[in-house]
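J.: sequence and predicted structure below; questions after.
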Amino acid sequence: MKHRRISGRRAAVAGAGIAALVTAGVTFQTANASETAKSPEPRTLSVAAAGKLASVLGKDLGADAAGTYYDAKGEHLVVNVLDESAAKAARAAGAKARVVENSLAELKGARTTLKQDASIPGTSWATDPATNKVVVTADRTVSAAEWAKLSEVVDGLGGKAELHRTKGEFKPFIAGGDAITGGGGRCSLGFNVVKDGRPYFITAGHCTESISTWSDSAGNQIGTNEQSGFPDNDFGLVKYTADVAHPSEVDLYNGSAQAITKAGDATVGQKVTRSGSTTQVHDGTVTGLDATVNYGNGDIVNGLIQTDVCAEPGDSGGSLFSGDTAIGLTSGGSGDCTSGGETFFQPVTEALSVFGAQIG
């Protein structure tokens, strides 16, 4: 379905005939140049400011908004819209506007179709505002027959989706910020938080589903599970039982730490950093939001942040952050920190909301 709207003025010019266009050629070009000159330049924005502007424009533009992402190089917010009228409104607010084909409702419908017809272990999908499509990824465990089925479903969605193959295998990163251990497994601490004035920490839900009592890397017991959500979500809340230091910071594994003062939502194009007990600190970019991952063991997790940051088993639950802002908890993905791959994160803001906690 195409959404571009042609104004009456544009239709009139088109209907005037070739002779009219040739005769008025210089005037027509001058008019275009004049309109371009009047278009405001996109504002230079921080990620946080871009996120706020995206929220405002999403409400103001309503159904004419079709997704946003952050252009880290230009430091601009890019807004997808369905017609030129909405584009003008986005530009006037300080964003860079793109007129695209697919509405958010159409992309949501494509995701519903994928869930109904293509929930195959070893697959994931996420809306990519940069391409204005739902990007479907199949890992190396997806068979030829399953790939054929995926291809058929994606082809049926037309220009709303595209299919890719990854060399790795989608799996939760359980094995093992700082290492936390229990029951023969190891994960990573995400963020220290406060609930009802008491100290807690959050980590991945597939970790707290498997392990109920936690120790630090030296074997000292530090906490017990309070709440856990997995699958569908991937977050767990652990109550500190030991008298331990409780700074809101992330271990950078170089003798220093990054203070964390707040939680925030991810933006596509945002530069982020991950800390975990297996591979320590790595950087990358947010590539998708509201991702669905069909892990090979049959567990399905929704609403994840997709990135190109690498991770490995034992990094599960570890911190995804941007400066002093907590962004996500490591869930799982494919690949490793040698060959690369995709990694998915549970949004921190959702976990804090469910738990009634805040960054401590």
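T.: Okay, I see it. Numbering: from 1, shown residues only.
J.: helix or strand with the lowest mean pLDDT in the protein?
T.: Lowest by mean pLDDT, DSSP states H and E among the helices and strands of the chain is helix 18-23, with a mean of 27.
J.: and residue 181, that's in a strand?
T.: Yes. Assessed with DSSP: H, G, I helix; E, B strand; the rest coil, residue 181 lies in a strand.
J.: for it, which residues are in contact?
T.: Listed by CB atoms under 8 Å, 6 or more residues apart in numbering, the contact partners of residue 181 are 187, 214, 215, 216, 217, 219. Every residue, glycine included, has its C-beta placed from N, CA and C.
J.: what does residue 56 give?
T.: Counted by CB under 8 Å, 6+ apart, residue 56 has contacts residue 93.
J.: what's the pLDDT at it?
T.: Here the pLDDT value assigned to residue 56 is 93.
J.: now do residue 1
T.: Confidence at residue 1, expressed as pLDDT, is 43.
J.: neighbours around the residue nearest to residue 204 when sequence neighbours are not counted, how many?
T.: Spatial nearest neighbour of residue 204, excluding adjacent residues (CB to CB, 6 or more residues apart in numbering): residue 317 at 3.7 Å. By other CB atoms under 10 Å, the residues close to residue 317 number 35.
J.: next, residue 317: phi, psi?
T.: Residue 317 adopts backbone torsions of phi 90, psi -10, taken as degrees, to the nearest 10.
J.: against residue 118, how distant is it?
T.: Residue 317 is 29 Å from residue 118, where distance means CB to CB, to the nearest Å.
J.: got it, and residue 141?
T.: In terms of CB to CB, residue 141 sits 15 Å off from residue 118.
J.: between the two, who's got more neighbours?
T.: Ranked by neighbour count (other CB under 10 Å), residue 141 and residue 118 place residue 118 first, with 22 against 16.
J.: leaving out the residues flanking it, which one is nearest to the more buried one?
T.: Residue 118 sits nearest to residue 153 (CB to CB, 6+ apart), 4.6 Å away.
J.: just the buried positions in stretch 225-245, please.
T.: For stretch 225-245, burial by neighbour count (16 or more other CB atoms under 10 Å) applies to 225-231, 233-240.
J.: nope, stretch 250-266 is what I was after
T.: Under the neighbour-count criterion of 16+ other CB under 10 Å, stretch 250-266 has 250, 251, 258, 260, 263, 264, 265, 266 buried.
J.: for the residues you listed, give me CSV that also has distance to residue 168, secondary structure and pLDDT.
T.: Listed next are the buried residues of stretch 250-266 as CSV, based on distance: CB to CB, whole Å; DSSP: H, G, I helix; E, B strand; the rest coil; pLDDT from 0 to 100:
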residue, distance to residue 168, secondary structure, pLDDT
250, 25, strand, 93
251, 26, strand, 92
258, 28, strand, 93
260, 29, coil, 94
263, 29, strand, 96
264, 28, coil, 95
265, 27, coil, 94
266, 21, coil, 95
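J.: which one among the contacts of residue 181 sits at the bottom for pLDDT?
T.: By pLDDT, residue 217 ranks lowest within the contacts of residue 181, coming in at 83.
J.: not counting its neighbours along the chain, what's nearest that residue?
T.: Residue 217's closest residue in space is residue 179 (CB to CB, 6+ apart), at 4.4 Å.
J.: correct me, but the one you found touches residue 185?
T.: No. Residue 179 lies out of contact with residue 185 (CB atoms under 8 Å); the separation is 10.7 Å.
J.: tell me which of the two has more neighbours.
T.: Taking neighbours as other CB under 10 Å, residue 179 and residue 185 compare with residue 179 leading, 20 against 17.
J.: could you give the bridge partners of the more buried one?
T.: Beta-bridge pairing for residue 179 (DSSP bridges): residue 188.
J.: now do the same for it: its pLDDT.
T.: Looking at residue 179, its pLDDT is 85.
J.: which residues touch it?
T.: 186, 187, 188, 189, 216, 217, 277, 314.
J.: quick revisit: farthest pair in the contacts of residue 181?
T.: Spatial extent of the contacts of residue 181 (CB to CB) is set by the pair 187 and 219 at 15.2 Å.
J.: compare the two (neighbour count), which wins?
T.: More neighbours surround residue 187 than the other of residue 187 and residue 219, with 34 against 7 (other CB under 10 Å).
J.: go through the buried residues of stretch 250-266 and name the one nearest residue 336.
T.: Lowest distance from residue 336 to those (CB to CB) belongs to residue 251, with 20.4 Å.
J.: do you know how far that closest one is from residue 277?
T.: Counting by CB to CB, the gap from residue 251 to residue 277 is 9 Å.
J.: all strands of the stretch 1-150 of the chain, in order?
T.: Using DSSP state E, counting those that start in this stretch, the strands of the stretch 1-150 of the chain run over 65-71, 76-81, 96-99, 123-128, 133-138.
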